[in-house]
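>>> just the structure for this:
(one chain, ligands or ions: 1)
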Amino acid sequence: MKRRSFLRNAVALASAPIIPSALHASAAQDMPAAPAHSLAFPQGFLWGTATASYQVEGAVHEDGRGPSIWDTFSHTPGKTYQGETADVADDFYHRYPEDVALMQRLGIKTFRFSIAWSRVFPQGTGKPNPKGLDFYKRLLDQLHSAGIEPYCTLFHWDLPQALQDKGGWANRATSHAFADYAAYTVGQLSDRITHWMTTNEFDSFIDAGYGSAESAPGLRLPRGELMQTRHNAVLAHGLAVQAIRAAAKRPIQVGLAEDISGAMPAIEDAQHIKAAQTALREENAQYITVILEGKYTDDYLRTLGADAPKFTDEELKIISSPIDFLGINIYTTREAVPTDAEPGYMMVPRPSSYPHMASDWLFVNPQAIYWTPRLVSETWSKVRTLYITENGCSSDDVVRPDGRVLDSDRVMYLRNYLSQLQRAVSEGVPVRGYFLWSLLDNYEWSSGFSKRFGITYVDFTTQKRIPKLSFDFYRQVIEGNAVV
Ligand code: BG6
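Sure thing, here's the model as predicted:
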């Protein structure tokens with residue numbers, strides 16, 4: 001029963017006059033039968049949670065792990081909230097058995113995690129470090145024995161520092177180093193992992209890392225160099241797709257996880273939908289559009305002029321190597337409206353009263369999770385399998401005196417987004433699974449521990465885990481395969 005009708009019934013019952021029970025019965029017969037789950041998902045829909053190596057693992061000096069750019073950045077004064085680092089984070093490196101037990105309690109069928117490149121190749125290239133890989137083998141075995149399918153991201157922002165010392169993603173050699181790391185890792189782990197993602201959110205590690213300096217490595221490259229760095233990153237993805245297929249010891253699925261930039265129609269009519277579709281291609285020209293279409297849009301290249309990336313046809317072919325699925329990270333989006341002038345759309349500036357969650361960038365926009373997958377599947381028909389590889393929110397969680405964390409705002413956020421996802425899936429948009437960000441509160445990059453995204457509260461002093469109200473909500477969603 002949906003909560004609203006439960007409340008309505010509860011109120012009605014409380015104030016109902018006493019009438020003969022036969023009347024009750026005939027009134028009940030006149031009521032149309034409510035469907036068991038009007039917000040149900042199809043059978044086999046995959047429920048999971050997502051995370052990333054640097055944000056949870058800790059153990060930054062253990063078993064031969066090399067430093068990454070996030071170690072350097074977080075230890076540089078003034079870069080992160082109160083100088084916080086992920087040296088310990090959730091101590092997942094040691095506590096993963098406890099956390100896998102928590103996943104079992106939640107009922108998830110799949111877990112998205114990332115591998116720290118510098119655990120496998122401490123220097124980014126050269127001699128691999130078997131002890132680093134052993135950690136992931138232990139984790140994967142634990143997941144499998146709990147009946148949980150791992151989905152693996154090869155790069156979630158923690159570039160080996162040794163590669164940054166040679167220019168990082170601004171150096172084309174890093175693209176090839178990434179493909180080599182991918183090939184080696186897949187060769188070692190494809191017996192345990194079927195679903196592989198190359199990269200997570202290009203603009204978060206390229207534009208924020210090499211453009212606005214908000215993220216590691218904290219650089220502000222001139223525009224032309226930044227555009228070439230973007231190109232190196234999509235090239236790295238394409239090279240890795242090919243390397244993964246060649247290295248896999250059994251059939252695997254390859255994709256990537258992208259936070260596809262807005263757009264949704266500000267109003268649901270034909271003109272606005274068209275504007276949003278145009279916006280989708282143009283606003284993502286540098287990343288997902290070139291990956292799926294094998295070319296940069298004319299508008300992108302024209303706008304950049306002399307700063308446009310230099311590339312060859314051969315590179316475009318590599319970048320657009322076929323993928324098996326596309327992961328979309330969805331937190332929010334922006335509205336598009338049609339314009340008479342080229343390019344035919346305008347992104348609506350955010351009014352200052354637009355509601356947001358605890359992170360000031362996280363505007364509440366549940367329709368994002370309906371429109372983004374729908375427009376992606378309508379625009380690029382070759383994308384036949386989609387996953388929501390991240391969705392969730394930050395809340396100002398507090399532990400009450402009775403020890404509970406009642407994050408009703410996160411439940412509100414999730415319920416609204418999942419309802420819109422259900423709409424998409426029931427209309428035939430090919431989303432096959434959903435990974436909630438995140439199982440645990442963790443290290444939120446430059447926000448340090450000041451923003452909590454978990455459905456499990458973590459006391460970072462004691463490492464105690466407290467499942468929140470949203471944990472119970474999500475457990476019931478999974479159990480019933482429907483929005484509750
Ligand atoms: C996603 C990232 O963009 O957003 C996650 O893939 C991140 O790694 C999440 O934790 C929340 O973002 P932030 O910047 O508030 O930590």
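
>>> next up, the contacts around whichever residue of the stretch 1-150 of the chain sits closest to the ligand.
Closest to the ligand within the stretch 1-150 of the chain is residue 52: 4.9 Å, counting by C-beta to the nearest ligand atom. Using the backbone N, CA and C atoms, a C-beta is placed for each residue, glycine as well. Going by C-beta atoms under 8 Å, 6 or more residues apart in numbering, residue 52 touches 113, 114, 153, 156, 157, 158, 200.

>>> same deal with residue 227?
So residue 227 contacts 286, 304, 307, 308, 309 (C-beta under 8 Å, 6+ apart).

>>> which of the contacts of residue 52 lies closest to the ligand?
residue 200 (5.3 Å).

>>> relative to residue 264, how far out is that closest one?
22 Å (C-beta to C-beta, to the nearest Å).

>>> spatially central residue for this structure, please.
Most central in the chain under C-alpha atoms, centre = their mean is residue 390, positioned 2.7 Å from the mean C-alpha point.

>>> that one touches residue 260, doesn't it?
No: Residue 390 lies out of contact with residue 260 (C-beta atoms under 8 Å); the separation is 11.6 Å.

>>> mind listing the shared neighbours of those two?
Joint contacts of residue 390 and residue 260 (C-beta under 8 Å, 6+ apart) are 329, 330.

>>> which parts of the helix or strand residue 373 falls within are buried?
Taking DSSP states H and E as the definition, one finds residue 373 inside helix 368-379. Residues 368, 369, 370, 371, 372, 373, 374, 375, 376, 377, 379 are the ones in helix 368-379 that count as buried (16 or more other C-beta atoms under 10 Å).

>>> for the closest residue to residue 113 other than its chain neighbours, give me the pLDDT.
Leaving aside its chain neighbours, residue 113 sits nearest to residue 51 (5.4 Å; criterion: C-beta to C-beta, 6 or more residues apart in numbering). The predicted structure scores residue 51 at 98 on the pLDDT scale.

>>> please list all residues in contact with residue 51.
92, 111, 112, 113, 114, 437, 438, 439, 440, 442.

>>> okay, those in TSV with secondary structure next?
Below are those laid out as TSV (DSSP: H, G, I helix; E, B strand; the rest coil):
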residue	secondary structure
92	helix
111	strand
112	strand
113	strand
114	strand
437	coil
438	coil
439	coil
440	strand
442	coil
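
>>> so which of those is the most crowded?
The most crowded member of the contacts of residue 51, judged by other C-beta atoms under 10 Å, is residue 439 (33 neighbours).

>>> strands of this structure, start to end?
Assigned by DSSP state E, the strands in the chain fall at 46-50, 110-114, 149-155, 195-200, 253-258, 264-265, 325-329, 335-338, 345-347, 386-391, 431-436, 456-458, 465-467.

>>> longest helix of the chain, counting residues only.
helix 223-247 (DSSP state H).

>>> now do the buried residues in that one.
225-245, 247.

>>> same check, this time on stretch 60-70
So for stretch 60-70, counting by 16+ other C-beta under 10 Å, buried means 60, 65, 66, 67, 68, 69, 70.

>>> do the same with stretch 103-122
Result for stretch 103-122 [16+ other C-beta under 10 Å]: buried residues 103, 106, 108, 110-122.

>>> so which of those residues is the closest to residue 208?
Nearest to residue 208, judged by C-beta to C-beta, of these is residue 114 at 17.1 Å.

>>> quick one, what contacts that closest one?
Counting by C-beta under 8 Å, 6+ apart, residue 114 makes contact with 51, 52, 53, 152, 153, 154, 155, 156, 158, 200.

>>> got the residues of the stretch 251-400 of the chain near the ligand?
259, 329, 359, 390 (C-beta under 6 Å from any ligand atom).

>>> name the nearest residue to the third one, ignoring sequence neighbours.
Excluding its sequence neighbours, the residue lying closest to residue 359 (C-beta to C-beta, 6+ apart) is residue 394, at 4.5 Å.

>>> what number of residues lie near that neighbour?
A total of 25 residues lie near residue 394 under the criterion other C-beta under 10 Å.

>>> that one against residue 356, yeah?
No: with contact defined as C-beta under 8 Å, residue 394 does not reach residue 356; the gap is 9.5 Å.

>>> overlap of the contact sets of these two?
What both residue 394 and residue 356 touch, as defined by C-beta under 8 Å, 6+ apart, is the set residue 362.

>>> can you show me the helices along the stretch 51-200 of the chain?
Listed in chain order, the helices of the stretch 51-200 of the chain (DSSP state H, counting those that start in this stretch) span 53-56, 69-74, 92-106, 117-120, 130-145, 161-164, 172-189.

>>> could you say which of those helices is packed most deeply?
Comparing the helices of the stretch 51-200 of the chain by mean neighbour count (mean count of other C-beta atoms under 10 Å), helix 117-120 comes out on top with a mean of 28.

>>> find the closest residue to the ligand in this structure.
Going by C-beta to the nearest ligand atom, the ligand is nearest to residue 444 of the chain, at 3.3 Å.

>>> contacts only, for the closest residue in space to that residue that isn't next to it in sequence.
Counting by C-beta to C-beta, 6+ apart, residue 451 is the residue found nearest to residue 444 once chain neighbours are left out, at 4.4 Å. For residue 451, the contacting residues are 358, 359, 394, 444, by C-beta under 8 Å, 6+ apart.

>>> what does residue 211 give?
Per C-beta under 8 Å, 6+ apart, neighbours of residue 211: 219, 220, 221, 226.

>>> need the pLDDT of it.
pLDDT, residue 211: 98.

>>> the ligand contacts on the stretch 101-250 of the chain?
200, 201, 204.

>>> tell me what the first one is bridged to.
Partner residues in beta bridges with residue 200, using DSSP bridges, are residue 257.

>>> neighbours around it, how many?
Other residues lying near residue 200 total 24 when counted by other C-beta under 10 Å.

>>> before we move on, what about the second one?
In terms of burial, residue 201 registers 22 neighbours under the definition other C-beta under 10 Å.

>>> my guess is it contacts residue 256, does it?
No: Residue 201 is beyond contact range of residue 256, at 9.3 Å (criterion: C-beta under 8 Å).

>>> got the angle for the longest helix of the chain vs strand 149-155?
Here the directions of helix 223-247 and strand 149-155 differ by 140 degrees (axes from the mean of the first three to the mean of the last three C-alpha atoms, to 10 degrees).

>>> by how many degrees do helix 223-247 and strand 195-200 diverge?
170 degrees.

>>> how far does helix 223-247 sit from its chain's centre?
Its chain's average C-alpha position is 19 Å from that of helix 223-247, according to C-alpha atoms, centre = their mean, to the nearest Å.

>>> show me the contacts for residue 473.
411, 414, 415, 455, 484.

>>> of these, which is the nearest to residue 477?
Of the contacts of residue 473, the one sitting nearest to residue 477 (C-beta to C-beta) turns out to be residue 484, at 5.7 Å.

>>> ok, now how distant is the closest one from residue 48?
Here the criterion is C-beta to C-beta. By it, residue 484 lies 18 Å from residue 48.

>>> more neighbours, these two?
Taking other C-beta under 10 Å, residue 484 and residue 48 do not tie; residue 48 has more neighbours (24 against 19).
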